[in-house]
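Enquirer: Build me a model from this:
(2 chains)
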Amino acid sequence: MSFAQVVFYGLAAITVISALLVITRRNPVHSAIYLIITLLAVALLFLQLQAEFIAAVQIILYIGGIMVLFLFVIMLVNLDVAMRQEQFNRQWWVAGLAALLLAAELAAVIYLGRGTAELPQAPAGALQPNTELIGTTLYRDYMLPFEIASLLLLVAMVGAVLMARRRAS
Amino acid sequence: MVPTWHYLMLSAALLTIGVIGVLTRRNVIIILMSIELILNAVNLNLVAFSRQLADVSGQIFTIFVITVAAAEAAVGLGILIAFFRNRDTVNADEIDLLKW
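Expert: Next comes the predicted model:
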C-alpha cells in the first residue's frame, strides 16, 4: 500500500466516523466540534487532490466563518430544554431504511460502473499553478456567475438581518 | 495513486450520513449541520473529477457551492433565531404553522 493510499484511507475513516458523531450527539456544541473535524479532513483530502486553493477556502470560510456562525447561534439559543427531550423523530426507522436503500444504490452504481467509461488520466502536475489557474478561469470564463454569487450574498445578508431583527411593537 | 471511484464511494457515504441526519433529527441546528455535510460530499465529488479530467472548472464550481452554503447557513440560522424568539423551541416537528 502506497503512502497516498494510507493517507486517503486514514482521512476517509476520520471523515466518516466524525460525520456519524455529528448526527448522533445530544449536545449541539459537540456536533459542531465533530463537524469541524469532518471539514478539516475533507480539506486535507482536497489537498491530496491537488486543489490547494479549495483546501484553503474550506478552512478559512467553512471552519473560520460558517462554523463560528453556528457556534454563535448555539450560544444565543437556549438549548437546555431541547437537550433533555427525545433527539430523533418518530419516523426515524423509515428514514433510516430509505437512506440505507439510497446508500446501497449509490454504492452499487459506483462499484459496477467504475471501469465502464475510459476517462483520460491526467498527468501529475496538470492543475498547477492552482491559484493562478482558478483566478484566470474565474474572472475570464465565469465572470457572470461570479457577479450573480455576489448578488446572492447581498440578498442573504439582508435576509439574515431582517429575519433575526427583533420585531418593533 | 488513489482511483477516483474511491473518492466517489467516500462522497456517497458522507451524503448518506447527511441525509440520515436531515431526516431523523429533531434539532434544527443539527439538521443545518447535516446539510453542510451533504454539500461537502458534493464538493468532494467535484474536486475528484476535476483532478481526473485535469479541468479546473470543477474547482470553480466548488467555490460557488461554498458561497451558496454560506448564504444558506446565514439565512437558516436567522430564521432559527426568529423562530426561537417566538416559540421557545428548536424542534423541527413543532414548526408547523406559517403564521400565528
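
Enquirer: Report the contact partners of A:Phe146.
Expert: A:138-139 (C-beta atoms under 8 Å, 6 or more residues apart in numbering or on different chains). (Each C-beta comes from the backbone N, C-alpha and C, glycine too.)

Enquirer: Buried residues in whichever strand or helix holds it, which are they?
Expert: Under DSSP states H and E, the secondary-structure element containing A:Phe146 is helix A:143-164. Neighbour-count burial for helix A:143-164 flags A:145, A:149, A:152, A:156, A:160, A:163-164 (criterion: 16 or more other C-beta atoms under 10 Å in any protein chain shown).

Enquirer: Stretch A:82-97 too?
Expert: Buried residues in stretch A:82-97, counted by 16+ other C-beta under 10 Å: A:82, A:87-88, A:92, A:95.

Enquirer: a markdown table for those residues, including pLDDT?
Expert: Shown next, in a markdown table, are those (pLDDT from 0 to 100):
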| residue | pLDDT |
| --- | --- |
| A:Ala82 | 81 |
| A:Gln87 | 82 |
| A:Phe88 | 87 |
| A:Trp92 | 89 |
| A:Ala95 | 92 |
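
Enquirer: ok, and of the residues you listed, which contact chain B?
Expert: A:82, A:87-88, A:92, A:95 (C-beta under 8 Å from any C-beta of the partner chain).

Enquirer: What about those residues, which are in helices?
Expert: Under the assignment DSSP state H, these contribute A:82, A:92, A:95 to helices.

Enquirer: Could I get the contacting residues of the spatially closest residue to the first one that is not a sequence neighbour?
Expert: In other words, A:Ala82. The shortest distance from A:Ala82 to any non-neighbouring residue, by C-beta to C-beta, 6 or more residues apart in numbering or on different chains, is to B:Val90 (5.1 Å). Neighbouring residues of B:Val90 by C-beta under 8 Å, 6+ apart: A:77, A:79, A:82, B:27-29, B:80, B:83-84.
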